[in-house]
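A.B. asks: sequence-free structure coming up:
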């Protein structure tokens, strides 16, 4: 199976033999930076996003439900931005269905990020310009989201990717698989 960039999808086992598919990260991909991986940790109930006009996305942190307790993830990213926002999901009825944002080849951090759920949209957090490239991970309307992964540097989040649960595990009906879309902004007015 290939993703939108014609690269193989990675299948991983997490937790109690849960199968997750790791979709490749988007953003500033390179050899520098630290890898972070937060897949398979349960349902997300809260997200903290540090962002600003000067650096884009500084850091991101998640709070999961594990064994009916709220468990925070590590803070991913090191940047200090001028603003921190909190996304509170209406657990257990609300869940992530898509993630989108913008990245630039000129700075090493994601410029902006937006989270979509089955109940609404949160963001955008950060800023974008006409030269930035857009990304979007769409997981569908079922609970197929399985977590995040990516890289970060001393200035912030460099790249982000997602884990998804195969549709056959979520339900027995056939549904389109997750999609990744990357498009460049048209600089013409």
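C.D. replies: Thanks, I have the structure now. Not measured: the values here are computed from a predicted model.

A.B. asks: For the closest residue to residue 121 other than its chain neighbours, which residues are in contact?
C.D. replies: Leaving aside its sequence neighbours, residue 121 sits nearest to residue 114 (C-beta to C-beta, 6 or more residues apart in numbering; 6.4 Å). Backbone N, C-alpha and C define where each C-beta goes, glycine included. By C-beta atoms under 8 Å, 6 or more residues apart in numbering, the residues touching residue 114 are 99, 100, 101, 121, 122, 123, 124, 125.

A.B. asks: where's the fourth one relative to residue 113, distance?
C.D. replies: With distances defined as C-beta to C-beta, to the nearest Å, the gap from residue 121 to residue 113 amounts to 12 Å.

A.B. asks: Give me the more crowded residue out of the two.
C.D. replies: It is residue 113, of residue 121 and residue 113, that has more neighbours when counted by other C-beta atoms under 10 Å, with 25 against 11.

A.B. asks: Go ahead and confirm that one touches residue 100.
C.D. replies: Yes: when contacts are counted by C-beta atoms under 8 Å, residue 113 is listed as touching residue 100 (7.5 Å).

A.B. asks: Just confirm the residue nearest to residue 121 is within a strand.
C.D. replies: Yes: assessed with DSSP: H, G, I helix; E, B strand; the rest coil, residue 114 lies in a strand.

A.B. asks: and the gap between it and residue 125?
C.D. replies: Distance, residue 114 to residue 125, using C-beta to C-beta: 7 Å.

A.B. asks: How about residue 59?
C.D. replies: Taking C-beta to C-beta, one finds residue 59 at 11 Å from residue 125.

A.B. asks: still on that earlier bit, how about TSV for the contacts of residue 114, with pLDDT and distance to residue 39 added?
C.D. replies: Converted to TSV, those look like this (pLDDT from 0 to 100; distance: C-beta to C-beta, whole Å):
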residue	pLDDT	distance to residue 39
99	98	13
100	97	19
101	96	18
121	98	23
122	98	20
123	97	21
124	96	24
125	96	21
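
A.B. asks: sorry, back to before: between residue 59 and residue 125, which contacts overlap?
C.D. replies: By C-beta under 8 Å, 6+ apart, the residues touching both residue 59 and residue 125 are residue 49.

A.B. asks: the bottom helix or strand of this structure by mean pLDDT?
C.D. replies: Within the chain, no helix or strand scores below strand 179-184, which has a mean of 46 by mean pLDDT, DSSP states H and E.

A.B. asks: which secondary structure element contains the residue lying closest to residue 73 once chain neighbours are set aside?
C.D. replies: Distances taken as C-beta to C-beta, 6+ apart place residue 62 nearest to residue 73, at 4.4 Å, with adjacent residues excluded. Per DSSP states H and E, residue 62 falls inside strand 56-66.
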